[in-house]
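1. sequence and predicted structure are below.
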Amino acid sequence: MKHKTLNLLIYFMIIFSFITANEWIKSENKIIKKYSFRDNHSTYKIFTDSLHYIISNVSDENYSIKYSMIILINDKGEIEKKIELNNINNQILSGIKLKDGGFLFSGYSQLNSDYWTEIYVVKIDKNLNVIWEKNYSSTNYDNKGYSVIELNQNEYFILGHTKASKNNALILKIDSDGNEKWFSYLPDLNCSFATHMISNKKEEIIIAGQNSKELFVSKINANGQILWDYNYLNDNNSHRLYEIKNTSDGGMILVGNTTKNPKKKKDILIIKLSDDGKEEWVETLGNKSSEVAYDIEETKNLNYIIGGFALKDKKGKLYHSFIIKTDSLGKELERIDLDNLPSNKLYDLNINYNKKINNIIGTGDIINDNKSEILFIKFEKKLN
């Protein structure tokens with residue numbers, strides 16, 4: 001055990017010295033931490049205010065016991081609080097911070113005695129107390145909740161995946177107590193897998209995901225009717241969406257990956273859309289390895305920070321995360337790679353602004369000895 005701890009310490013010292021050499025990341029206040037509570041962790045989300053809330057799905061070695069957890073950590077990476085959501089085999093896939101400071105999470109619960117799953121939704125207050133947990137389903141069909149938005153403090157929309165509809169899509173509206181108010185299979189939505197949903201300042205709903213190998217974005221009204229569609233390239237290549245965010249000009253920024261590279265490796269794909277779904281620009285960022293970007297954040301000077309990971313071996317076991325800074329048109333400016341750590345995957349980023357420093361904060365998984373742990377990183381960003 002002492003040798004394993006020493007090796008990890010050496011890894012961290014090396015990555016610290018590597019980061020110091022990059023001008024846009026300052027050497028002060030950098031932290032890399034890992035946490036382990038069971039054999040396996042799948043960590044997809046972090047929320048940041050004065051503290052950091054990390055959401056992770058955990059399981060035992062054989063994946064026979066699965067549940068979700070939230071850990072609350074301070075700026076030094078020290079655990080302040082931990083809660084476990086012990087609903088039977090529940091897994092969280094998405095979540096939002098509510099206007100009242102609490103949280104709403106969505107995912108799925110798989111019943112022990114049945115093959116099908118139910119949409120799982122849990123509401124938590126700002127002190128991490130569970131207010132309610134509920135399941136929603138279409139009988140005898142698989143159902144999963146992939147995205148959540150809050151239009152007001154009394155209504156939430158859940159975007160789900162279900163085999164009960166021809167396009168596999170389901171949108172569910174619930175009230176603040178979790179009571180179902182309305183749902184639709186979105187019959188006009190042309191897709192095979194709808195995974196992302198956001199609302200803009202006008203409280204309009206944007207849905208995004210896949211239509212076979214195409215990437216799609218659609219705006220709908222409150223009744224589920226399509227207002228406009230955007231599709232990216234039906235060209236026999238595969239284009240995947242992993243995040244969509246609102247931008248300060250009222251438009252949207254999309255990030256994922258594409259195989260349109262002649263060598264058929266996966267490159268990072270960035271797409272900027274206007275508020276009416278018109279394509280403004282497309283950029284691909286390539287490296288020697290196949291790469292996927294899972295998150296993108298707009299900075300105050302209208303540049304972007306992207307986080308994700310690259311596949312480093314042909315066996316599919318070694319991954320190294322990256323953080324990329326681009327200009328306002330998606331052109332790469334700076335990049336760091338976490339390639340001196342064990343295999344790791346970065347899924348979610350935040351930028352924490354204050355008057356003196358800007359911190360890049362991220363979470364994901366670090367894999368060692370066939371077990372996964374929660375990865376937390378915090379780097380100080382150069383002010384510009």
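-> That came in fine, so what should we check first?

2. every contact and neighbour count from this point should use C-alpha atoms.
-> Fine.

3. strands of the stretch 51-200 of the chain, residue ranges please.
-> The residue ranges that make up the strands of the stretch 51-200 of the chain, judged by DSSP state E, counting those that start in this stretch, are 52-59, 66-73, 79-85, 90-97, 103-110, 117-124, 130-136, 143-152, 155-162, 169-175, 180-184, 193-199.

4. CSV for these, including mean pLDDT?
-> Shown next, in CSV, are these (pLDDT from 0 to 100):
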stretch, mean pLDDT
strand 52-59, 95
strand 66-73, 94
strand 79-85, 93
strand 90-97, 94
strand 103-110, 93
strand 117-124, 94
strand 130-136, 94
strand 143-152, 93
strand 155-162, 95
strand 169-175, 95
strand 180-184, 94
strand 193-199, 96
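
5. can you give me the end-to-end span of stretch 282-292?
-> For stretch 282-292, the first-to-last residue distance is 16 Å (CA to CA, to the nearest Å).

6. distance between it and the chain's centre?
-> The chain centroid and the centroid of stretch 282-292 are separated by 19 Å, computed with CA atoms, centre = their mean, to the nearest Å.

7. with stretch 246-260 instead?
-> Centre to centre, stretch against its chain (CA atoms, centre = their mean), the figure for stretch 246-260 is 14 Å.

8. over to stretch 143-156?
-> For stretch 143-156, the distance from its own C-alpha centre to the chain's C-alpha centre is 16 Å (CA atoms, centre = their mean).

9. list of residues touching it?
-> 93-96, 98-100, 104-108, 116-121, 137, 157-163, 173-176, 195-199, 203 (CA atoms under 8 Å, 6 or more residues apart in numbering).

10. which of the residues in that stretch are buried?
-> When neighbours are counted by 16 or more other CA atoms under 10 Å, the buried residues of stretch 143-156 are found to be 143-151, 155-156.

11. closest to residue 211 among those residues?
-> Nearest to residue 211 among those: residue 146, at 15.9 Å, using CA to CA.

12. for residue 224, see how far away residue 262 is.
-> Taking CA to CA as the measure, residue 262 falls 39 Å from residue 224.

13. sorry, back to before: from the contacts of stretch 143-156, list just the buried residues.
-> 93-96, 98, 104-108, 116-121, 137, 157-162, 173-174, 195-199.

14. give me the residues contacting stretch 198-207.
-> For stretch 198-207, the external contacting residues (CA under 8 Å, 6+ apart) are 148-149, 151, 194-197, 217-222, 244-246, 250.

15. hmm, try it at 6 Å
-> In this structure, residues lying in contact with stretch 198-207 by CA atoms under 6 Å, 6 or more residues apart in numbering are 196-197, 217-220.

16. pull out the buried positions in stretch 79-86.
-> Using 16+ other CA under 10 Å as the test for burial, stretch 79-86 gives residue 85.

17. report the distance from it to the chain centre.
-> 20 Å.

18. again with stretch 181-199
-> Here stretch 181-199 is found 19 Å from its chain centre; the criterion is CA atoms, centre = their mean.

19. what does stretch 241-258 give?
-> 12 Å.
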